[in-house]
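**Student:** Only the shape, not the letters, is given here:
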């Protein structure tokens, strides 16, 4: 029994596979016992060996060794995604009863089927599975070494005298969160980073079948940077079912259970009866910090229109025309204000009809969102640029080279050279060299003027300004030297 339980606990093997393994072991052991009985000539039939697997789930649930998964029936309509919790008998309505623009959604939630014995019943078309953040925090704090890692990270931040911005805590935003009370005794305070992203469940190619499944997860920012993003230290809040992403305000229905818990964790906190370091228990409060998603997810979650809207920026009121023409003085661009944003949210929510809401949204591209239920949270403070797409996946590099024309054969729009000195490489040529360092070739560098190559050499530290003025290196020699330097980066 211990061996079978360890397969489920320590190796994350499903219960179905555990039963198959148990059945195989039973067959092997019983065959060995029968063979031994025949060889010994004993007339007594050996007692069959049985591995009991039916009690594994009960034992895991009794000791709360498995996470508690809360399941909702999710409306399959992408513009609705309303959640319906089954009643005590496990039943849900056959059709969605969520209010919509006209009356109710009315989308079918279940489909009829039959069991092997011919009994008719209904199964959900889509389900949204979530976990309690409070339970997951308690589970983490019961793990040996977890609380100590939090304490060590806090002590390291307090004792650090460096002014370098190496971590999110080096900024002022997290340290200035307006907690509702002063921490007392053994109270612990956590700050989460929220991420929402989608992936193709079928892992198909670019032109293959697409089935978008989303994940909602929290990162505990109090941990040291090298521990934050380990899977065992992150909290998987929910799985958004496919096949398509929620549209419009539908995503708000899916993050509502999370916000309900975050409101409690902020105002009252949760008392954890026992942790690894404090056997008598401790109070835990938590706050939500940055929202770390790609642009589509960010705009949907914070209730803003997409980047194709006439106001594409979530920080200022620049228009698409300003961006395309690049003719407006940047200093004249008007920044968005917190009170102004909340005013537009209130105007949208207090509109008397759906038509008025649509007009208000078309005017400024702002609607309400669940995150605004957190009194301390505001999208102008906590929306961040997702580094995964911009840096790790090369979106920024592609944007600069293909759209801004920072390469010799680009079909995109080129950035202008400074009018005062046409030969000065400026930021354009320097960015061209840096961002294409993995693919740049010597023949492409040789297309640049000698003075441009000299300026780049000075910028990259190959020469001082005085040495560059005295050098007699040809353009080909400079291009070869720059190419070798680029390969060192």
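**Tutor:** Good, I have the coordinates. Model, not experiment: these values are computed from the prediction. Numbering: from 1, shown residues only.
**Student:** Residue 301 touches residue 372, doesn't it?
**Tutor:** No: with contact defined as CB atoms under 8 Å, residue 301 does not count as touching residue 372 (10.9 Å). All C-beta spots, glycine's among them, are computed from the backbone N, C-alpha and C.
**Student:** Looking at those two, which is more packed in?
**Tutor:** residue 301 (23 against 17; other CB atoms under 10 Å).
**Student:** what kind of secondary structure is that one in?
**Tutor:** When classified by DSSP: H, G, I helix; E, B strand; the rest coil, residue 301 comes out as helix.
**Student:** what sits against it?
**Tutor:** Residue 301 is in contact with 196, 251, 252, 255, 291, 293, 369, 371, counting by CB atoms under 8 Å, 6 or more residues apart in numbering.
**Student:** Which single one of those is nearest to residue 442?
**Tutor:** Distance ranking of the contacts of residue 301 against residue 442, using CB to CB, places residue 293 first at 40.4 Å.
**Student:** just to revisit the earlier point, export the contacts of residue 301 to a markdown table and append columns for neighbour count, distance to residue 467 and pLDDT.
**Tutor:** Below are those laid out as a markdown table (neighbours: other CB atoms under 10 Å; distance: CB to CB, whole Å; pLDDT from 0 to 100):
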| residue | neighbour count | distance to residue 467 | pLDDT |
| --- | --- | --- | --- |
| 196 | 23 | 52 | 91 |
| 251 | 23 | 58 | 92 |
| 252 | 19 | 61 | 93 |
| 255 | 22 | 58 | 94 |
| 291 | 21 | 49 | 91 |
| 293 | 23 | 48 | 86 |
| 369 | 20 | 57 | 91 |
| 371 | 22 | 55 | 93 |
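**Student:** Quick check: residue 376 touching residue 178?
**Tutor:** Yes: in this structure, residue 376 is within contact of residue 178 by CB under 8 Å, at 5.6 Å.
**Student:** Neighbour count: these two, which is higher?
**Tutor:** Neighbours per residue, other CB under 10 Å: of residue 376 and residue 178, the larger number sits with residue 376, 14 against 7.
**Student:** and the more buried one, what does it touch?
**Tutor:** Residue 376 makes contact with 177, 178, 266, 287, according to CB under 8 Å, 6+ apart.
**Student:** ok, now with 10 Å
**Tutor:** 177, 178, 179, 180, 266, 287, 288, 289, 382 (CB atoms under 10 Å, 6 or more residues apart in numbering).
**Student:** Of those, which pair is most distant in space?
**Tutor:** Spatial extent of the contacts of residue 376 (CB to CB) is set by the pair 180 and 382 at 17.7 Å.
**Student:** neighbour-wise, which of the two wins?
**Tutor:** A direct count of neighbours by other CB under 10 Å for residue 180 and residue 382 places residue 382 higher, at 19 against 12.
**Student:** Please identify which of the contacts of residue 301 is nearest to residue 30.
**Tutor:** So of these, ranked by how close each gets to residue 30 (CB to CB), first place is residue 196, at 50.7 Å.
**Student:** what's the helix or strand for the nearest residue to residue 453 once chain neighbours are set aside?
**Tutor:** Among residues not flanking residue 453 along the chain, residue 478 sits closest, at 4.1 Å (CB to CB, 6 or more residues apart in numbering). Following DSSP states H and E, one finds residue 478 within helix 475-488.
**Student:** next one: residue 153
**Tutor:** Per DSSP H and E: helix 146-159 holds residue 153.
**Student:** which residues are contacting that helix?
**Tutor:** By CB under 10 Å, 6+ apart, helix 146-159 touches 139-141, 143, 145, 167, 169-170, 174-175, 188-190, 220-225, 227-228, 232-233, 275-278, 282.
**Student:** how about the strands in the stretch 151-300 of the chain?
**Tutor:** 188-200, 212-220, 235-240, 270-272, 282-293 (DSSP state E, counting those that start in this stretch).
**Student:** Much appreciated, bye for now.
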